[in-house]
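>>> how would this look folded up:
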Amino acid sequence: MTITRLEKLVASLRTSGLDAVALNPGPTLTYLTGAHFHLMERPVVLLVTQEADLAIVLPKLEMLKVEQMPYHVQAFPYGENPSEWEAVFRKAAQALGLDGKRIGVEPNRMRLLEFRYIKAGAPNADYPDASDVLGSLRLRKDKEEVDAMRKAVKVAQAALEGTLPLIKIGMTEKELAAELVTQLLKHGSEPELPFSPIVSGGPNSASAHASTTNRKLQAGDLLVIDYGATVDGYVSDITRTFAVGEVDAEYEKIHKIVQQSNAAGRAAGKPGVPCAEVDKAARAVIESAGYGEYFWHRTGHGIGMEGHEEPYIRGDNMQLLEPGMAYTVEPGIYLPGRNGVRVEDNVVVTETGSESLSDMPREMRVVG
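Numbers count the residues shown, from 1 in each chain. Sure thing, here's the model as predicted:
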């Protein structure tokens, strides 16, 4: 029998020492219920207990979403007057008997707005970090999830291929980013992208997380494009580096080194291998070529409903890879004030090894 997502959460709660979790809008709430809520001035909180009892506090205008959830959920709707909201949260906490209990929260998701209302409803409860419980919930993707990620990769790759012929010397990074967003939407991405595309040329490409600017593309630039698509709630995150016209021989050299590093990182992933070994495999290529000091960041991060989630592919992470885990491999070399290179692919661990979901050409192509 297939275990439901709620059953997975309840099983984790029972071994964690937590009596319940409180979730506000975000990937975990959507993963459990299929419902999408916006973070806004009206708080939305889902409460889930060890006994598989669920309650949700939400605006009355969102009530139709409760009827579409796959589990029975007690709804505690409120109106537009904020002075009445605290009492509704208190009713929800009382209905589940949460006061004095251990209610886990996601520290990178829970806002002060929602937390204050939850605490007012259960003032004697403890609110520990539930990252381990909730992170493991989405850690291993099933076939349906991997299929959605595969679609997100295909959409992203098609969008970039549709954008490349439009690149011209003299266009700005922002103009190119706008063209790419248009292509992403045309090729089937959901409007809510995993992140705003990073388009950086020349000296800007030497910043690993550059901000897209009004700088115009120039001959001799390396051009880093880091972007992704969203399909069925799952995302892709791909980076390719291009040459704008003819570039210096050293830039061609570092691009080949990064390609080799990317290949080594992708090949290293398999069940039972620590995340650290994937990082070390990619990093060793760059270090042996003499550019280790210019590879400033971890080799990758988990990917799924979020662009950054577990597992994290860094040199000190001894977490073992398991089938269904998905992550990026994105080594880079960044020469300050000059140019930078990054090549990024999306990888999923299989029963016997790993598979790269992305296959767009990785060699340095000339644009402009």
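>>> how much space between residue 188 and residue 156?
Residue 188 sits 10 Å away from residue 156 when distances are taken as Cβ to Cβ, to the nearest Å. Quick note: C-beta positions are derived from backbone N, CA and C, even for glycine.
>>> Tell me if residue 32 really is in a helix.
Yes - counting by DSSP: H, G, I helix; E, B strand; the rest coil, residue 32 is located in a helix.
>>> show me the contacts for it.
With contacts defined as Cβ atoms under 8 Å, 6 or more residues apart in numbering, the neighbours of residue 32 are 5, 6, 9, 23, 46, 48.
>>> Can you say which of the residues you listed are buried?
Taking 16 or more other Cβ atoms under 10 Å as the criterion, what is buried in these is 5, 9, 23, 46, 48.
>>> Need the three-state assignment for residue 218.
Secondary structure, three-state DSSP: residue 218 is coil.
>>> Would you confirm that it contacts residue 244?
Yes - A contact is recorded between residue 218 and residue 244 when judged using Cβ atoms under 8 Å, the distance being 6.6 Å.
>>> What about the closest residue to residue 202 other than its chain neighbours, how many residues nearby?
The spatially closest residue to residue 202, leaving aside those adjacent along the chain, is residue 221, at 4.1 Å (Cβ to Cβ, 6 or more residues apart in numbering). Around residue 221 there are 25 other residues, counting by other Cβ atoms under 10 Å.
>>> And residue 221, its phi and psi?
The phi/psi pair for residue 221 (degrees, to the nearest 10) reads phi -70, psi 150.
>>> Report how many residues lie close to residue 243.
By the other Cβ under 10 Å criterion, the neighbourhood of residue 243 contains 21 residues.
>>> Spatially nearest residue to the residue nearest the centre of the chain (excluding sequence neighbours)?
What sits nearest the mean C-alpha location of the chain, by Cα atoms, centre = their mean, is residue 307, with 1.5 Å. Sequence neighbours aside, residue 194 is the residue nearest to residue 307 in space, at 4.0 Å (criterion: Cβ to Cβ, 6+ apart).
>>> you'd agree that neighbour is up against residue 308?
No - applying Cβ under 8 Å as the test, residue 194 and residue 308 come out as separate, 9.0 Å apart.
>>> Now the phi/psi pair for residue 73, please.
Residue 73 has phi and psi values of phi -130, psi 120 when expressed as degrees, to the nearest 10.
>>> Equivalent analysis for the one 3 residues further on, please.
Comment: the main-chain dihedrals of residue 76 come out as phi -130, psi 80, following degrees, to the nearest 10.
>>> Please list all residues in contact with it.
55, 56, 57, 58, 88, 89, 91, 92, 95.
>>> before we move on, which element is the last one in?
Just to be clear, that refers to residue 95. Secondary structure from DSSP states H and E places residue 95 in helix 85-96.
>>> What are the buried residues along that helix?
When neighbours are counted by 16+ other Cβ under 10 Å, the buried residues of helix 85-96 are found to be 85, 88, 89, 90, 92, 93, 96.
>>> Report the rounded mean pLDDT for that helix.
Taken as a whole, helix 85-96 carries a mean pLDDT of 98.
>>> now what about that helix, what contacts it?
Counting contacts by Cβ under 8 Å, 6+ apart, the residues outside helix 85-96 that touch it are 20, 43, 45, 47, 49, 53, 55-57, 74, 76-78, 99, 117-118, 120-122, 125.
>>> Give me the subset of the residues you listed lying in strands.
In strands, defined here by DSSP state E, the members of those are 20, 45, 47, 49, 55, 56, 57, 74, 76, 77, 78.
>>> on that earlier part again, between residue 194 and residue 308, tell me which one has more neighbours.
When residue 194 and residue 308 are compared for neighbours, residue 194 comes out ahead with 22 against 16, by other Cβ under 10 Å.
>>> Checking the more buried one next. Helix, strand or coil?
Classification of residue 194 by three-state DSSP places it in coil.
>>> so how far is residue 227 from it?
With distances taken as Cβ to Cβ, residue 194 is found 8 Å from residue 227.
>>> Common neighbours of these two, please.
With contacts defined as Cβ under 8 Å, 6+ apart, the residues shared by residue 194 and residue 227 are residue 237.
>>> Centre of the chain to the helix or strand where residue 66 lies, how far?
In this assignment (DSSP H and E), residue 66 forms part of helix 63-67. Its chain's C-alpha centre and that of helix 63-67 lie 27 Å apart, by Cα atoms, centre = their mean, to the nearest Å.
>>> what does stretch 307-323 give?
Taking Cα atoms, centre = their mean, one finds stretch 307-323 lying 13 Å from the centre of the chain it belongs to.
>>> Can you give me the buried ones in it?
Applying a neighbour-count criterion of 16+ other Cβ under 10 Å, one finds 307, 308, 309, 310, 311, 312, 313, 314, 315, 317, 321 buried in stretch 307-323.
>>> Distance-wise, check the fourth one relative to residue 276.
Yep, that's residue 310 we're talking about. To residue 276, residue 310 is 14 Å away according to Cβ to Cβ.
>>> Show me how the record splits this structure into domains.
Following automatic domain parsing, one gets these domains for the chain: 5-137, 143-367.
>>> which of these sits most buried?
Most buried of the domains of the chain, by mean neighbour count (mean count of other Cβ atoms under 10 Å): domain 143-367, with a mean of 19.
>>> how long is it end to end?
The separation between the terminal residues of domain 143-367, taken as Cα to Cα, to the nearest Å, is 36 Å.
>>> could I get the buried ones among the contacts of residue 32 as TSV with distance to residue 161?
Supplementary listing: these in TSV, determined by distance: Cβ to Cβ, whole Å:
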residue	distance to residue 161
5	35
9	40
23	38
46	40
48	43
